[in-house]
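J.: Could you work out the structure for the sequence below:
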Amino acid sequence: MSLINFEDYKENGLINWKRYDEAKVNAGEKCYICGSYISSFPNKSSGKTLCYDCKNLETSTEKVIHDSLIRCPSCKNTWDIVDNSDYECYNEGEHDIVCPECNHEFTIETIVEYSFTSPELIKDEEEKDEETDSD
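T.: Numbering: from 1, shown residues only. Have a look, this model is predicted:
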């Protein structure tokens with residue numbers, strides 16, 4: 001079983017990324033709702049499928065966490081907060097929102113995490129001298 005190869009989606013020397021992503025979704029390599037990668041070795045016979053977090057949005061009756069989607073506790077409608085252009089919701093903490101489908105008002109919690117990139121290590125003086133001597 002082979003994974004979807006972006007080389008197969010070249011058109012006039014350029015990759016058609018939209019068609020490539022659609023193929024990955026149709027092959028079960030990416031979630032058809034949020035676009036998250038599902039597996040390095042998808043089950044080709046299953047076709048479109050959901051990632052673990054999107055399955056939870058649909059099936060769990062408990063509080064759920066998702067990296068990009070919100071679920072209404074009343075009608076189960078899911079949407080990306082970007083669709084509402086409510087950028088205040090990107091600040092850490094609780095936010096009152098209204099479901100665009102059923103107008104139910106409820107509170108979500110935003111959890112912000114950070115990652116940091118450090119510069120490469122400074123070479124030792126001996127290594128610097130060796131490089132200078134070899135030039």
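
J.: Look up how far Phe106 lies from the residue nearest the centre of the chain.
T.: Among the residues of the chain, the smallest C-alpha distance to the mean C-alpha position (C-alpha atoms, centre = their mean) belongs to Ser36, namely 4.5 Å. As judged by C-beta to C-beta, to the nearest Å, Ser36 and Phe106 stand 24 Å apart. Using the backbone N, CA and C atoms, a C-beta is placed for each residue, glycine as well.

J.: go on, Leu57?
T.: The spacing between Leu57 and Phe106, counted by C-beta to C-beta, is 14 Å.

J.: Looking at the two, which is more packed in?
T.: Leu57 (19 against 14; other C-beta atoms under 10 Å).

J.: Does the more buried one touch Ser68 like I think?
T.: No. Counting by C-beta atoms under 8 Å, no contact exists between Leu57 and Ser68, whose distance comes to 10.7 Å.

J.: give me phi/psi at Val98?
T.: When read as degrees, to the nearest 10, the backbone of Val98 gives phi -120, psi 130.
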